[in-house]
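# need the 3D shape of this:
(one chain, ligands or ions: 1)
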Amino acid sequence: MAPRRNAGPGPGGRPDPAPPSPLPADSEKTARVRAMFDTIAPRYDLVNRLMTFGLDQRWRRVTVDALALPAGARILDLACGTGDLSRAAAKRGHTVVGTDLSAGMLAANQAHTPLVESDGSRLSFADGTFDGLVCGYALRNFTDLAATFAEAGRVLRPGGRLAVLEVDAPTSGLWRFGFDVWFNKVVPVLGGALSDRAAYRYLPASVAYLPPTPVLRQMLLDAGFSAVGIRPLAGGLSQLVVATRAGTPPPPSPSLSP
Ligand SMILES: C[S@@+](CC[C@H](N)C(=O)[O-])C[C@H]1O[C@@H](n2cnc3c(N)ncnc32)[C@H](O)[C@@H]1O
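Alright, predicted model coming up:
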C-alpha cells in the first residue's frame, strides 16, 4: 500500500512535489522492510520495552484474550517477529505457529514454536488450518494489505477469529501532544542510539501506511470477515482490531465412543 501524502498546491498553483520521505513505494517496500527488520532484530525487544514502558506486553495479552478461543486452539502469529504474541498465546494454552518475512527476526524469536519464513500475502498453509490468527504491529509493514487479509481469511476456518494489534494516535489534547513528542521525537533518538537510526525514523513515519478506520473495516469485510470491531487501547496509544472469519463452522466430528 502506498503511503498517504499531504501534497498541497505549491507556488503558481502547481502541486508540491512529494516531501522527502523515508517511506519506500510499493515495488521496493518488501525488500526494504525485510532488510530493516533483519538489522534491528537483535535489539528489537529491548527498544520495544523502553518505547512502550513495557505496556506492550499487557496489550498482547488483551489481544490474545480477544480471540475468545478455548485453550488448545490452533493459532497463527502472522509477522511474529521475536515471538511476544506467540508466547502470550502459548501461555493461554494455545498451539502456536509463527510466520515472518524476516529471517533475522525469526532467528531472534524466543517463543519456541514452529516457525515459517514467508510473506503474509503468500502463506503456505492449507485452507482452514487455524482457529485463530494474531498479528502485532505489522499492518503498516505489509506491502499488499488486501492480499494479506485475504490470506488471513483463507488460512482461518469458518468461524475462526482474528485479533490484530496496531499503533494508533490519541485524539485528545494533552495526551496527543505527549504521544507526538514521544513517538515522533524521542523514539527515533532512542532507537537510533540503541539500534538503527533509519529504522526508528521509519517507525513513526510508517503510520502513514495505515488506512483510516472505515477503510480498514471495509478491507476486512471484503476479505471475508464479519463482526469487525476496532477499538483504542490505553486512550489510543494502540488499537485492537477483531473479526470473525465468515462462513458456517463445520459440525464437530462424530464421536467414536459409544
Ligand atoms: C514491528 S514488527 C512486529 C513483530 C511482532 N509481531 C511483535 O508484535 O513484536 C513487524 C514484523 O512484521 C514483519 N513483516 C513485515 N512485512 C511482512 C510481510 N510482508 N510478511 C510477513 N511478515 C512481515 C517484520 O519482519 C517484523 O517482524
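
# strands along this protein, start to end?
74-78, 95-100, 115-117, 130-136, 156-167, 225-233, 238-245 (DSSP state E).

# of the ones you listed, which approaches the ligand most closely?
When these are compared by C-beta to the nearest ligand atom, strand 130-136 sits nearest the ligand, at 2.6 Å. Every residue, glycine included, has its C-beta placed from N, CA and C.

# check which helices and strands the closest one sits against.
Helices and strands touching strand 130-136, by 3 or more C-beta pairs under 8 Å, 6 or more residues apart in numbering; DSSP states H and E, are helix 55-66, strand 74-78, helix 84-91, helix 145-155, strand 156-167.

# most tightly surrounded among these?
Counting by mean count of other C-beta atoms under 10 Å, strand 74-78 has the highest mean neighbour count of those, with a mean of 26.

# stretch 189-197: which residues count as buried?
Using 16 or more other C-beta atoms under 10 Å as the test for burial, stretch 189-197 gives G191, S195.

# contact partners of it?
Contacts with stretch 189-197, where a contact means C-beta atoms under 8 Å, 6 or more residues apart in numbering, come from 36, 39-40, 43-44, 46-47, 50-51, 188, 199-201, 203.

# which among those residues end up buried?
For these, buried by 16+ other C-beta under 10 Å: M36, T39, I40, Y44, V47, M51, P188, A199, Y200, R201, L203.

# ok, of those residues, which one's closest to W182?
M51 (8.3 Å; C-beta to C-beta).

# now the helix ranked longest in the chain, how far from the chain's geometric center?
Secondary structure of the chain per DSSP state H: the longest helix is helix 26-40. Distance of helix 26-40 from its chain centroid, counting by C-alpha atoms, centre = their mean, to the nearest Å, is 15 Å.

# can I get the CA coordinates of that helix in PDB?
Backbone C-alpha positions of helix 26-40 (Å, rounded to 0.1, in the frame of the first residue of the first chain) are rendered in PDB as follows:
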ATOM      1  CA  ASP A  26       5.200  -0.400  -3.300                       C
ATOM      2  CA  SER A  27       7.900  -2.000  -5.500                       C
ATOM      3  CA  GLU A  28      10.800  -1.700  -3.100                       C
ATOM      4  CA  LYS A  29       8.800  -1.800   0.200                       C
ATOM      5  CA  THR A  30       9.000  -5.500   0.900                       C
ATOM      6  CA  ALA A  31      12.800  -5.700   0.300                       C
ATOM      7  CA  ARG A  32      13.400  -2.600   2.400                       C
ATOM      8  CA  VAL A  33      11.200  -3.800   5.300                       C
ATOM      9  CA  ARG A  34      12.800  -7.200   5.300                       C
ATOM     10  CA  ALA A  35      16.300  -5.700   5.400                       C
ATOM     11  CA  MET A  36      15.300  -3.200   8.100                       C
ATOM     12  CA  PHE A  37      13.900  -5.900  10.400                       C
ATOM     13  CA  ASP A  38      16.900  -8.200   9.800                       C
ATOM     14  CA  THR A  39      19.100  -5.300  11.000                       C
ATOM     15  CA  ILE A  40      17.100  -4.300  14.100                       C
END
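
# since that was my last question, I'll sign off now.
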